[in-house]
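Trainee: Quick one: sequence plus predicted model below, questions after.
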Amino acid sequence: MKTLLGILLLGAFLGSASASTITVVPVFEPLSLHDTDGDEAISEIGEALQASVMSRPMALTGALPENLVDAIRSPHRIPSNHPNYKAQETNLLVLCNVGISGEMIDGVLTVKLNVAELAIPANVDLTSRQILKLAIVALRKTLDAYQRPQPQPLTVSVIIDGADDAKTSLRDLGAKFVIGEPTPAN
C-alpha cells in the first residue's frame with residue numbers, strides 16, 4: 001500500500017513539474033524613441049511620433065492570451081552601439097506608470113489599462129491619449145499574432161480603469177473588437 005501511495009505521489013509531483021509549457025511568442029510594445037533622432041509614422045493612429053510599436057520575442061508560460069497582455073508592459077531597454085544613447089527604459093507603459101492586465105470573463109478577454117498613476121516624464125513628448133492609443137495598437141498586434149493559428153476568434157474588451165476627474169476624457173478610448181474574425185465570403 002505504501003508503495004502504491006508513493007508511486008501516486010511521485011506521479012503527481014512529476015506531472016505538475018512538467019505541466020508548465022514555455023512558449024516563445026512575439027510581444028508588441030509601445031516604445032518611446034526619446035534620446036534618438038527618429039520619428040515613426042504610425043499608420044494605426046495616423047500620426048508621426050517619437051514612439052513606435054515594435055515586437056520582441058518572449059518566452060512565456062501560463063494562461064494565454066492573458067499573460068500576453070501582461071507582457072506588453074515588460075521593461076525594455078533598447079541595446080545600442082552608441083555611447084551617448086543612455087535610455088534606461090523605453091516601454092511607454094513602464095515609463096508612464098500605466099498598468100495593463102488581462103482576464104478571461106465569460107469568453108471575452110477583458111483588458112484593463114489602469115491610468116490611476118499615469119505620469120508622463122518630461123523627456124517623453126507624447127500625450128496621455130497618444131500613449132494609450134499606442135498601447136491599444138500593441139495589444140491588437142500581439143493578440144493578432146497569437147490568434148492567427150487559433151480556430152476560434154477572440155473577443156476583446158478594453159477598459160480604461162482608474163480615470164479620475166482629471167483623466168475622465170481617456171475613458172472613451174475603451175473599445176470592443178474581435179481578433180481573428182473570419183472574413184465574409186465574396
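Mentor: Nice, thanks for sending it over.
Trainee: Could you find the closest non-adjacent residue to residue 134?
Mentor: Counting by C-beta to C-beta, 6 or more residues apart in numbering, the nearest residue to residue 134 once its immediate chain neighbours are dropped is residue 30, at 3.6 Å. For the C-beta atoms, the positions are set from N, CA and C on the backbone; glycine is no exception.
Trainee: And residue 30, how close does it get to residue 94?
Mentor: Residue 30 is 10 Å from residue 94, where distance means C-beta to C-beta, to the nearest Å.
Trainee: Pick out the residue nearest the middle of this structure.
Mentor: residue 72 (2.5 Å; C-alpha atoms, centre = their mean).
Trainee: quick one, phi psi at it?
Mentor: Listed backbone geometry of residue 72 is phi -60, psi -20, with angles given as degrees, to the nearest 10.
Trainee: When residue 30 and residue 94 are compared, which one has more neighbours?
Mentor: In this view residue 30 and residue 94 are compared by other C-beta atoms under 10 Å, and residue 30 has more residues nearby, 32 against 16.
Trainee: which other helices and strands contact the helix or strand containing that one?
Mentor: Counting by DSSP states H and E, the element that carries residue 30 is strand 23-32. Contacts defined by 3 or more C-beta pairs under 8 Å, 6 or more residues apart in numbering; DSSP states H and E place strand 23-32 against strand 51-60, helix 66-71, helix 92-95, helix 128-147.
Trainee: Now do the shortest one, average pLDDT.
Mentor: Right, helix 92-95. pLDDT averaged over helix 92-95 equals 97, rounded to a whole number.
Trainee: deepest of the helices and strands packed on strand 23-32, which one?
Mentor: The highest mean neighbour count among these, using mean count of other C-beta atoms under 10 Å, belongs to helix 92-95: a mean of 23.
Trainee: Show me what it is packed against.
Mentor: On a contact count with 3+ C-beta pairs under 8 Å, 6+ apart, helix 92-95 meets strand 23-32, helix 128-147.
Trainee: quick one: which of the ones you listed is nearest residue 47?
Mentor: Comparing the helices and strands packed on helix 92-95 against residue 47 with C-beta to C-beta, the closest turns out to be helix 128-147 (6.9 Å).
Trainee: after the closest one comes which helix or strand?
Mentor: Helices and strands here follow DSSP H and E; after helix 128-147, the next one along the chain is strand 154-161.
Trainee: Can you pull out the residues in contact with that next one?
Mentor: The contact list for strand 154-161, computed with C-beta atoms under 8 Å, 6 or more residues apart in numbering, reads 65, 99, 107-116, 132, 136, 139-140, 143, 147, 170-171, 173-180.
Trainee: Next secondary structure element downstream of it?
Mentor: For strand 154-161, the succeeding helix or strand toward the C-terminus, using DSSP H and E, is strand 175-179.
Trainee: if you average pLDDT over that next one, what comes out?
Mentor: For strand 175-179, mean pLDDT is 95.
Trainee: What is the neighbour count of the closest residue in space to residue 42 that isn't next to it in sequence?
Mentor: Among residues not flanking residue 42 along the chain, residue 49 sits closest, at 6.0 Å (C-beta to C-beta, 6+ apart). Summarising burial for residue 49: neighbours were counted as other C-beta under 10 Å, giving 20.
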